[in-house]
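>>> everything below, folded, please.
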Amino acid sequence: MSIIEVQVPQLSESVAEGTLASWKKKIGEAVARDEILIDIETDKVVLEVPSPGAGVLVEIIKADGETVVSGELIARIDTAAVAGAAAPAPAAEAQIGRASGGGRG
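Down below sits the predicted model:
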């Protein structure tokens with residue numbers, strides 16, 4: 001597992017902080033290198049934050065609407081993960097539960 005940290009890019013000298021708009025990807029979704037992950041709104045400009053590498057978005061540390069500063073960690077990407085790899089497990093468990101406990105007795 002190789003994790004890449006997504007950080008707030010350098011904001012201009014006159015801008016101390018920004019606000020995260022809305023994430024364009026959800027946890028578990030694949031991202032390509034340079035794909036836009038989120039926009040950061042400042043009082044002067046809206047910055048697009050690209051993915052620093054390809055992989056799967058595994059953690060969002062700062063949510064929509066939160067205030068951030070330059071260099072702050074906002075997400076993590078796993079370059080070795082496969083998108084949706086964890087998704088089938090809950091569905092399989094639900095079907096097993098139905099088969100064993102859902103019968104008429």
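>>> which residues touch V68?
Going by Cβ atoms under 8 Å, 6 or more residues apart in numbering, V68 touches V8, E17, G18, T19, L20, I40, K62, I74. (Each C-beta comes from the backbone N, C-alpha and C, glycine too.)
>>> nearest to R33, of the residues you listed?
Using Cβ to Cβ, I74 is the member of the contacts of V68 that sits closest to R33, with 17.0 Å.
>>> so who does the closest one touch?
V6, Q7, V8, L20, I38, V49, I60, I61, K62, V68.
>>> for it, which non-adjacent residue is spatially closest?
K62 (4.4 Å; Cβ to Cβ, 6 or more residues apart in numbering).
>>> how long is stretch 15-30 end to end?
31 Å (Cα to Cα, to the nearest Å).
>>> what does it contact?
8, 11, 31, 35-47, 54-60, 62-69, 74, 83-84, 86-87.
>>> those in strands, which ones?
Using DSSP state E, the subset of the contacts of stretch 15-30 located in strands is 31, 36-41, 46-47, 55-60, 67-68, 74.
>>> picking that back up, PyMOL command to pick out the buried ones of the contacts of stretch 15-30?
Typed into PyMOL, the line below selects the buried ones among these, using 16 or more other Cβ atoms under 10 Å:
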select buried, resi 8+11+31+37+38+39+40+47+55+56+57+58+60+62+68+74
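>>> which stretches of this protein have low pLDDT?
1, 84-105 (pLDDT under 70).
>>> let's see 90
The model of the chain has pLDDT under 90 over residues 1, 11-16, 44-45, 81-105.
>>> ranges for the helices of it?
For the chain, the helices defined by DSSP state H occupy 88-101.
>>> for stretch 59-70, the distance to its chain's centre please.
10 Å (Cα atoms, centre = their mean, to the nearest Å).
>>> make that stretch 66-79, sorry
9 Å.
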